[in-house]
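Trainee: Sequence and predicted structure, then a few things I'm wondering about:
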Amino acid sequence: MAKKRIRIRAKMKGDVAEIKTIMSHPMETGLRENKKSGGKIPAYFIQEVICEHKGNKVLVASWGVAVSKNPYLSFKFKGGMKGDTIKISWSDNKGGSASAEANID
């Protein structure tokens, strides 16, 4: 299993917080064939990503098998300030999860 890790970069640009994150996850579609066994590799993907700011959800994304390995996500929102904490968390279809926090620069 891949390391459950999330890297976050959060910066203020004017009155908008710009969040960039990369999440470590193998992201299998369930369509690839295992060359050794000949069977399909089971689907294994991030189902939901949530970004919280001051306890409020500013982004909720529902993902599926079409998202690439180690996905990158970038988004912007208003209402953040320098020094505020951002929390990113994900959960996958096999019950795994990870989360990380970063302060807005």
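Mentor: Nice, I can see it.

Trainee: Tell me who's in contact with the residue lying closest to Met23 once chain neighbours are set aside.
Mentor: The shortest distance from Met23 to any non-neighbouring residue, by C-beta to C-beta, 6 or more residues apart in numbering, is to Ile6 (5.0 Å). C-beta coordinates here come from the backbone N, C-alpha and C atoms, glycine included. For Ile6, the contact set (C-beta atoms under 8 Å, 6 or more residues apart in numbering) comprises 21-24, 88-90, 98-100.

Trainee: Output stretch 34-41 in PDB, but only the C-alpha positions, please.
Mentor: C-alpha atoms of stretch 34-41 as PDB (Å, rounded to 0.1, in the frame of the first residue of the first chain):
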ATOM      1  CA  ASN A  34      -2.600  -8.400 -13.300                       C
ATOM      2  CA  LYS A  35       0.100  -9.900 -15.600                       C
ATOM      3  CA  LYS A  36       1.000 -12.600 -13.100                       C
ATOM      4  CA  SER A  37      -2.400 -13.900 -12.200                       C
ATOM      5  CA  GLY A  38      -4.300 -12.900 -15.400                       C
ATOM      6  CA  GLY A  39      -7.100 -11.500 -13.200                       C
ATOM      7  CA  LYS A  40      -8.200  -7.900 -12.900                       C
ATOM      8  CA  ILE A  41      -6.600  -5.700 -10.300                       C
END
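
Trainee: mind showing which ranges of this protein have poor pLDDT?
Mentor: 1-4 (pLDDT under 70).

Trainee: Look up how far Met27 lies from the closest residue in space to Asn34 that isn't next to it in sequence.
Mentor: Leaving aside its sequence neighbours, Asn34 sits nearest to Ile41 (C-beta to C-beta, 6+ apart; 5.2 Å). Counting by C-beta to C-beta, to the nearest Å, the separation of Ile41 from Met27 is 11 Å.
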